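Q: return atomic coordinates for the entry below.
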Amino acid sequence: MTLQEMIDKLKADERNQDYTARGIGPIFQIHEKAKILIIGQAPGKKVEESGIPFHDKSGEKLMAWMGIDSDTFYSQAISIMPMDFYYPGKAKTGDKAPRRFIAAEYHQALRQLMPEIEMTILIGNYAMKYYLKGRMERNLTETVRHYQDYLPDYFPIVHPSPLNFRWQAKNPWFEADVVPALQQRVYTLLK
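A: Next up, the predicted model:
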């Protein structure tokens with residue numbers, strides 16, 4: 001199946017009809033030659049408005065953590081495939097969880113369009129639980145702390161959202177140890 005066929009299928013899926021009716025297509029960045037795949041939670045409201053993955057404060061932080069600029073981030077070297085390709089809406093605290101059927105029914109076919117992926121960055125609990133299936137540590141923090149256990153295929157990190165400032169403040173080892181390792185791995189894959 002081609003990328004355009006996948007986009008057409010997503011737009012025609014009755015579970016996405018509300019988005020399609022409003023002129024909102026699936027939000028991802030798929031490149032056949034990509035070396036790095038980023039799997040996050042779901043687009044936020046601001047990203048839904050622009051249609052550009054991580055086109056917000058979270059994206060700025062993620063680029064900094066990866067040690068790359070926006071030209072590199074939005075180049076053919078990087079693919080972005082969230083757990084849900086649409087903004088799921090607001091919940092009491094933060095956004096609603098990504099809808100499960102997107103990853104279950106669409107990820108594998110899209111992944112086949114990216115044969116050169118050498119590392120997948122898993123952002124947050126939803127991506128980790130789905131892709132590490134039973135291999136996670138007891139929680140997100142410990143999984144991120146033991147990121148080396150998942151290399152070279154996966155690199156688990158916390159969500160770069162500005163709302164995660166408390167977690168980052170409580171876990172200074174992340175910026176001190178994990179971020180430089182992520183930057184080195186990204187640099188090596190992209191050079």
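Q: which ones are touching V179?
A: W65 (CB atoms under 8 Å, 6 or more residues apart in numbering). Bear in mind the C-beta positions are built from the backbone N, C-alpha and C, glycine included.
Q: right, I mislabeled it, should have said M63
A: With CB under 8 Å, 6+ apart as the criterion, the residues that contact M63 are F54, D69, S70, F73.
Q: what's the answer for V186, then?
A: V186 makes contact with I36, M66, G67, I68 under the criterion CB under 8 Å, 6+ apart.
Q: just give me the neighbour total for the last one.
A: When you say that, I think you mean I68. The number of residues packed near I68 is 20, by other CB atoms under 10 Å.
Q: so it is in which element?
A: When elements are defined using DSSP states H and E, I68 is found to belong to no helix and no strand.
Q: ok, now how distant is it from I36?
A: Look at I68 and I36: by CB to CB, to the nearest Å, they are 9 Å apart.
Q: same check, this time on the third one
A: Summarising the geometry, the distance separating G67 from I36, computed by CB to CB, is 12 Å.
Q: neighbour count for those two, which is higher?
A: Per other CB under 10 Å, whichever of G67 and I36 has more neighbours is I36, with 25 against 16.
Q: and the more buried one, bridged to which residues?
A: Partner residues in beta bridges with I36, using DSSP bridges, are I78, M119.
Q: ok, it - contacts?
A: A77, I78, S79, I117, E118, M119, T120, I121, V186, L189, L190.
Q: ok, D177 next?
A: Contacts for D177 were tallied using CB under 8 Å, 6+ apart; there are none.
Q: got it, and the one 10 residues further on?
A: For Y187, the residues meeting the contact criterion (CB under 8 Å, 6+ apart) are G67.
Q: shared neighbours of I68 and I36, anything?
A: The overlap between the contact sets of I68 and I36 (CB under 8 Å, 6+ apart) consists of I78, V186, L190.
Q: what's the helix or strand for the second one?
A: Counting by DSSP H and E, the element that carries V186 is helix 179-190.
Q: the contacts of I36: which two are farthest apart?
A: Distances among the contacts of I36 were taken as CB to CB; the most separated pair is T120 and L190, at 14.6 Å.
Q: who has more neighbours out of the two?
A: Regarding T120 and L190, a neighbour count based on other CB under 10 Å identifies T120 as having more, with 21 against 16.
Q: ok, Q29 touching G51?
A: No - taking contact to mean CB atoms under 8 Å, the distance of 10.6 Å between Q29 and G51 leaves them out of contact.
Q: of these two, which one has the most company?
A: Applying other CB under 10 Å to Q29 and G51 shows that Q29 carries more neighbours, namely 19 against 13.
Q: contacts only, for the residue lying closest to the more buried one once chain neighbours are set aside.
A: Closest residue to Q29 in three dimensions, ignoring its sequence neighbours and counting by CB to CB, 6 or more residues apart in numbering: I80, at 4.1 Å. For I80, the residues meeting the contact criterion (CB under 8 Å, 6+ apart) are F28, Q29, I30, L37, I38, I39, G40, P53, F54.
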